[in-house]
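Enquirer: quick one, fold the following:
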Amino acid sequence: MKKLVVASRNKGKLKEIAEILKNHYEVVSMDDAGFAVDVEENGNTFYENSLIKAKTVALALHTDALADDSGLCVEVLDGAPGIYSARYGGIHGDDKNNRKVLLENLKGAENRNAKFCCCVVIYTADGKIIDGYGETTGKIATEEIGDNGFGYDNVFISDDLGKSFGVATDDEKNSVSHRFRALEDLLKKL
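Expert: Numbers count the residues shown, from 1 in each chain. Next up is the predicted model:
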């Protein structure tokens with residue numbers, strides 16, 4: 001099976017990507033492939049950030065690399081946190097504080113519509129770019145529900161599942177998630 005380096009250190013994201021692509025690729029983290037540098041995500045869109053990460057890792061390792069940029073977009077917050085989802089609370093990767101700030105910002109809001117968006121990009125060793133996009137809709141709960149997943153999963157009530165990603169099994173979430181849909185879109189283009 002062909003190896004695919006994933007430009008991420010997010011263990012939850014790596015686990016999901018590996019599970020979703022298990023019949024297509026052997027997923028290897030960029031750290032395990034020998035790339036231990038943080039890539040600055042300074043794009044203005046999910047696509048730009050994915051491309052920056054995938055290209056940087058692919059060129060450094062002379063191999064195909066996949067990157068994902070994803071986030072939660074809340075309707076009443078004009079799409080925030082969006083590309084800033086991982087650092088919405090001020091510190092990158094502080095999921096608990098990100099959720100706390102989100103729930104505070106939505107206090108009293110009747111419109112709790114939201115969607116997770118994901119863009120994935122493969123940058124090949126020979127400079128080819130293949131991308132995929134996916135999203136999944138839902139509502140933001142008024143409190144955390146469940147302990148599964150990561151990020152905003154336990155405050156996101158999936159329209160598809162009728163429950164929080166925080167109580168969904170990995171298989172349930174991976175069958176309807178934004179990342180699954182983006183990877184499915186990508187696989188159709190390969």
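
Enquirer: only C-alpha atoms from now on, for both contacts and neighbour counts.
Expert: Fine.

Enquirer: how much space is there between the residue most central in space within the chain and Cys119?
Expert: Compute the mean C-alpha point of the chain, and by Cα atoms, centre = their mean the closest residue is Ser70, 3.7 Å away. Distance of Ser70 to Cys119, computed by Cα to Cα, to the nearest Å: 6 Å.

Enquirer: kindly report the same for His24.
Expert: 18 Å.

Enquirer: Lys139 reaches Asn154, doesn't it?
Expert: No. Taking contacts as Cα atoms under 8 Å, Lys139 lies outside contact range of Asn154: 11.2 Å.

Enquirer: show me the shaky parts of the chain.
Expert: When the per-residue scores of the chain are filtered using pLDDT under 70, no range remains.

Enquirer: which residues of it fall in strands?
Expert: Secondary structure of the chain (DSSP state E): strands at 3-6, 26-29, 65-74, 113-123, 129-140, 156-158.

Enquirer: a markdown table for these, including distance to Ser177?
Expert: What follows is those, written out as a markdown table (distance: least, Cα to Cα, whole Å):
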| stretch | distance to Ser177 |
| --- | --- |
| strand 3-6 | 18 |
| strand 26-29 | 19 |
| strand 65-74 | 11 |
| strand 113-123 | 8 |
| strand 129-140 | 6 |
| strand 156-158 | 9 |
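
Enquirer: which of those strands sits closest to Asp147?
Expert: strand 156-158 (12.0 Å; Cα to Cα).

Enquirer: enumerate every residue touching Ser164.
Expert: When contacts are counted by Cα atoms under 8 Å, 6 or more residues apart in numbering, Ser164 is found next to Ile145, Gly146, Asp153, Asn154, Val155, Phe156, Ile157, Ser158.

Enquirer: what about those, which one has the most neighbours?
Expert: Compared across the contacts of Ser164, Phe156 has the highest neighbour count, 27 neighbours, by other Cα atoms under 10 Å.
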